[in-house]
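A.B. asks: what follows is a protein structure lacking sequence information:
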């Protein structure tokens, strides 16, 4: 079993924290539980502030990095986004299901939605819809999918390491900077068709199934 | 199971959160009907999460942590988006926008067989409207100056290229023309997202063109 991605960046040994949390979660047979999904469950079950603080120290800098990636957000707005996302993580922790998605996938979707809402607020959008109405947090709802979705998520992460730089760079623009394919093309001074085909090639290598 | 789907570019932009609001809402409505695209979007979100894990972390001050910890006891907002199970007859996103049933909307009659109801999404660049075509009714041949997404919600229609049923998602680029006809068996309700107004082609209907202003927002 490969270690989950998040640990790589921190340099913190997750082993010790894990042992202290285990007791309370042992009856929850979460497949491939990792430190962060255990933290989320400790928050949901026991309002565990120590687990929350650990989670914050790991994810808050990533959320801030995501907020500032290629966008026009100020550092203040980026901090505002961090607060908003992390408070939602606390409030919604009971909705997190470790069988469906890695903790980082769930937190990513919350961060993505909060960033979209923040952009729209800054542009004075008058809309009855929140980003989470359009794209709910988390993963597929289907019970049949649940068993596979978590494993598929790990496969995507493993395959990502093998992508050529030009392809992973474009994916980063599309996802982290929230750029449309057309904006990405303009910024990298590439024809739109090249951007589209690089994205498609990358997704094929990540074994993303394409309908139609 | 629908036969016509958003292409991978649409689904990727949806998973990355970068689609314009009205188009994103249309993709979300398609997902209500389409198990396959839901699975693809879920995988595309994993791609986003993998990139998120690798993003260059930016230092966050202890004050931000303190402020967040101080706010944890606040009562959560009353309304979080409800997780409606997919596969309902009317997609959750439309239920949010309609506050009622199709019959409760204000319908504007355009021709004998076609009525339109405009819904407000707040997207300043796109019109988001429902089209009601009477069974067997035809929408006169028209083209577009911009792009058009059509999602069939009820009944179905056909044009020179094929037959379309509930959940089918059609994307037409500027310049393409078509004259959809509702199936004979029942009335058809579609969702249409436009970024430029329709242009009718036939002599009998061209007089309407100046009145077909885009109604975004």
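C.D. replies: Thanks, I have the structure now. As the structure is a computational prediction, the values presented were derived from the model and not from experiment.

A.B. asks: model confidence over stretch B:130-140, on average?
C.D. replies: Averaging pLDDT along stretch B:130-140 gives 93.

A.B. asks: any chance you could map the strands in chain B?
C.D. replies: B:108-109, B:114-118, B:127-133, B:142-144, B:148-154, B:156-159, B:162-165, B:169-172, B:177-178, B:181-182, B:188-194, B:198-200 (DSSP state E).

A.B. asks: out of those, which is closest to residue A:165?
C.D. replies: strand B:169-172 (31.1 Å; C-beta to C-beta). C-beta: built from backbone N, CA, C; applies to glycine.

A.B. asks: tell me which strands that closest one pairs with, and in which orientation.
C.D. replies: Using DSSP bridges, the strands paired with strand B:169-172 are strand B:148-154 (antiparallel).

A.B. asks: next one: the strand it pairs with to chain centre, how far?
C.D. replies: Its chain's average C-alpha position is 7 Å from that of strand B:148-154, according to C-alpha atoms, centre = their mean, to the nearest Å.

A.B. asks: again, but for stretch B:42-50
C.D. replies: The answer for stretch B:42-50 is 22 Å, by C-alpha atoms, centre = their mean.

A.B. asks: sorry, back to before: just put the strands of chain B in JSON lines and tack on mean neighbour count.
C.D. replies: Shown next, in JSON lines, are those (neighbours: other C-beta atoms under 10 Å in any protein chain shown):
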{"stretch": "strand B:108-109", "mean neighbour count": "12"}
{"stretch": "strand B:114-118", "mean neighbour count": "18"}
{"stretch": "strand B:127-133", "mean neighbour count": "23"}
{"stretch": "strand B:142-144", "mean neighbour count": "18"}
{"stretch": "strand B:148-154", "mean neighbour count": "23"}
{"stretch": "strand B:156-159", "mean neighbour count": "19"}
{"stretch": "strand B:162-165", "mean neighbour count": "16"}
{"stretch": "strand B:169-172", "mean neighbour count": "21"}
{"stretch": "strand B:177-178", "mean neighbour count": "16"}
{"stretch": "strand B:181-182", "mean neighbour count": "20"}
{"stretch": "strand B:188-194", "mean neighbour count": "24"}
{"stretch": "strand B:198-200", "mean neighbour count": "19"}
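
A.B. asks: could you dump the ones you listed to a markdown table with distance to residue B:33?
C.D. replies: Compiled in a markdown table, the strands of chain B are given as follows (distance: least, C-beta to C-beta, whole Å):
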| stretch | distance to residue B:33 |
| --- | --- |
| strand B:108-109 | 26 |
| strand B:114-118 | 20 |
| strand B:127-133 | 16 |
| strand B:142-144 | 24 |
| strand B:148-154 | 9 |
| strand B:156-159 | 13 |
| strand B:162-165 | 9 |
| strand B:169-172 | 9 |
| strand B:177-178 | 22 |
| strand B:181-182 | 19 |
| strand B:188-194 | 12 |
| strand B:198-200 | 25 |
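
A.B. asks: now residue 160. Nearest residue, chain neighbours left out?
C.D. replies: Going with chain A. In this structure, residue A:160 finds its nearest non-sequential neighbour in residue B:50, 4.8 Å apart by C-beta to C-beta, 6 or more residues apart in numbering or on different chains.

A.B. asks: meant chain B, my bad for not saying
C.D. replies: residue B:178 (6.7 Å).

A.B. asks: that neighbour and residue B:168: what is the separation?
C.D. replies: From residue B:178 across to residue B:168, the span is 14 Å (C-beta to C-beta, to the nearest Å).

A.B. asks: how many residues are close by the nearest residue to residue B:17 once chain neighbours are set aside?
C.D. replies: Nearest-residue entry for residue B:17: residue A:112, 4.3 Å, with adjacent residues in sequence omitted and distances by C-beta to C-beta, 6+ apart. If you count neighbours by other C-beta atoms under 10 Å in any protein chain shown, residue A:112 ends up with 27.
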